[in-house]
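Undergrad: Just the structure for this:
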Amino acid sequence: MLSFHRGTKLCAAIVVTAIMLIGALSWSYAETGSVRFNIVKAGFIVGIGGGSGTLNFQGRDYRLSIGGINVGTIGASAVDLVGTAENLRTATDIIGTYSQGSAALAVVGGGRTAELQNPNGVVIRVSGPEVGLEASLSLSGMTISMQ
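TA: Numbering: from 1, shown residues only. Coordinates of the predicted model:
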C-alpha cells in the first residue's frame, strides 16, 4: 500500500511539472511587433476619432484600421504614434477594443504617450508628437481591426 501511495505522488508531481512547463513554453512563444498609428480626433464633449496604422510582425506588414468614440473631448488633434505591440502569438491578436480600464494617455513634452491592453493580452506602447488643440485625447474605447 505504501508503494502505491508513493507512486501516486510521483505521478502527480510529474503531471504538475509538465503543466507548468507547457504554460511557460506558451508564454515564451509570444513575440513583439512594431506599430505605427495615425489618429485624427475632433469634437466637443463627445469626441469621434479614427485613423489607420501598420503592424510589422515577423517580417510582414499588416494594415490596421482604428476607430473609437470618447467623452470629454474639446477641440481637434492629429497624432502619429510609433511603438511596440507585445505578447503577440499571431498578428490577429492585435485586433480588439482597448477599454478605459486598460488605457492610459499622458502629455509628455508636447507629445503623447500611451500604454494600452486588449482582452487578448496584447500590450501596445506608443508615443509621438501631437498637432492641434485638444483638451482631452484619450485612446480609451479605441478599436483596432485588420484591413
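
Undergrad: C-alpha only now, for contacts and for neighbours.
TA: Fine.

Undergrad: Helix or strand: which one has the spatially closest residue to Ile39 that is not a sequence neighbour?
TA: Nearest non-adjacent residue to Ile39, counting by C-alpha to C-alpha, 6 or more residues apart in numbering: Gly51, 4.4 Å away. Assigned by DSSP states H and E, Gly51 belongs to strand 31-57.

Undergrad: Can you spell out which helices and strands pack onto that strand?
TA: Packing partners of strand 31-57 (3 or more C-alpha pairs under 8 Å, 6 or more residues apart in numbering; DSSP states H and E): strand 60-88.

Undergrad: lowest confidence element among the helices and strands of this structure?
TA: When each helix and strand of the chain is scored by mean pLDDT, DSSP states H and E, strand 103-108 comes last, with a mean of 49.

Undergrad: Partner strands of the helix or strand just after that strand and their direction?
TA: Next helix or strand after strand 103-108 toward the C-terminus (DSSP H and E): strand 111-117. On the basis of DSSP bridges, the sheet neighbours of strand 111-117 come out as strand 103-108 (antiparallel), strand 123-134 (antiparallel).

Undergrad: Show me which residues of strand 111-117 are buried.
TA: Going by neighbour count (16 or more other C-alpha atoms under 10 Å), the buried part of strand 111-117 is Arg112, Thr113, Ala114, Glu115, Leu116, Gln117.

Undergrad: One more: stretch 91-98?
TA: So for stretch 91-98, counting by 16+ other C-alpha under 10 Å, buried means Ala91, Asp93, Ile94, Ile95, Gly96, Thr97, Tyr98.

Undergrad: And the contacts of that stretch?
TA: 55, 57, 62, 85, 88, 116-120, 122, 139-146 (C-alpha atoms under 8 Å, 6 or more residues apart in numbering).

Undergrad: List only buried entries from those residues.
TA: For the contacts of stretch 91-98, buried by 16+ other C-alpha under 10 Å: 55, 57, 85, 88, 116-118, 122, 139-146.

Undergrad: Report how many residues lie close to Tyr29.
TA: Look at Tyr29: counted by other C-alpha atoms under 10 Å, it has 11 neighbours.
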